[in-house]
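> Fold the following for me, if possible:
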Amino acid sequence: MKKRISNRFVADYVLMFLISTLIGVFAVTLLSFASDVISKNLVNYNYTAEKIMTDDLSAMDVEQVLENGGGVQVVSKNYEVIFSQGINNLPEVFNPEDVHRIFNRQSS
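Numbering: from 1, shown residues only. Now for the predicted structure:
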């Protein structure tokens with residue numbers, strides 16, 4: 001009798017371990033998929049500087065950024081804002097430390 005009960009407990013333990021493992025794998029897979037879908041749909045990943053910037057500022061298309069409530073600022077080599085449309089919370093003239101701080105904040 002004791003042997004049958006202990007075998008049943010072991011079988012139940014193994015079964016619950018397998019079910020818990022499958023639930024965990026399913027949850028991680030689902031969250032990974034959802035994260036991938038969300039990151040592709042976020043606006044700030046769709047309109048990066050690489051996609052918007054051109055050599056000719058008059059040919060730069062910023063309409064989609066402005067429609068989504070954003071802003072575009074272009075800073076020259078002399079750390080002066082030479083183009084600004086939309087949200088602008090940056091000063092007119094930068095120093096190298098300001099530019100370094102902004103880029104480090106954006107990348108983290």
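
> What average pLDDT does the longest helix along the chain get?
Determined from DSSP state H, the single longest helix within the chain is helix 2-41. Averaged across helix 2-41, the pLDDT comes to 92.

> State the distance from the residue nearest the centre of the chain to F33.
The centroid of the chain falls nearest to S39 when counting by C-alpha atoms, centre = their mean (5.4 Å). Going from S39 to F33 by C-beta to C-beta, to the nearest Å gives 11 Å. In short, each C-beta sits where N, CA and C put it, glycine included.

> Could you do S6 as well?
Relative to F33, and taking C-beta to C-beta, S6 is found at 41 Å.

> Settle this for me: V74 is touching L57, isn't it.
Yes: the pair V74 / L57 is scored as a contact, 6.4 Å apart, by C-beta atoms under 8 Å.

> Between those two, which is the more surrounded one?
V74 (16 against 12; other C-beta atoms under 10 Å).

> Show me the beta-bridge partners of that one.
Beta bridges link V74 to F83 when assigned by DSSP bridges.

> ok, now which ones touch it?
53, 57, 60, 81-84 (C-beta atoms under 8 Å, 6 or more residues apart in numbering).

> could you redo the last one with a cut-off of 10 Å?
49, 52-53, 57, 60, 62, 80-85 (C-beta atoms under 10 Å, 6 or more residues apart in numbering).

> Now L57: closest residue in space that isn't a chain neighbour?
Counting by C-beta to C-beta, 6 or more residues apart in numbering, L57 lies nearest to F83, which is 5.1 Å off, once chain neighbours are set aside.

> Is it correct that that neighbour is in contact with M60?
Yes: counting by C-beta atoms under 10 Å, M60 is a contact partner of F83 at 7.5 Å.

> more neighbours, those two?
M60 (16 against 13).

> Can you give me the distance of that one to Q85?
9 Å.

> Just the buried ones from the contacts of V74?
Buried subset of the contacts of V74 (neighbour count, 16 or more other C-beta atoms under 10 Å): 60, 62.
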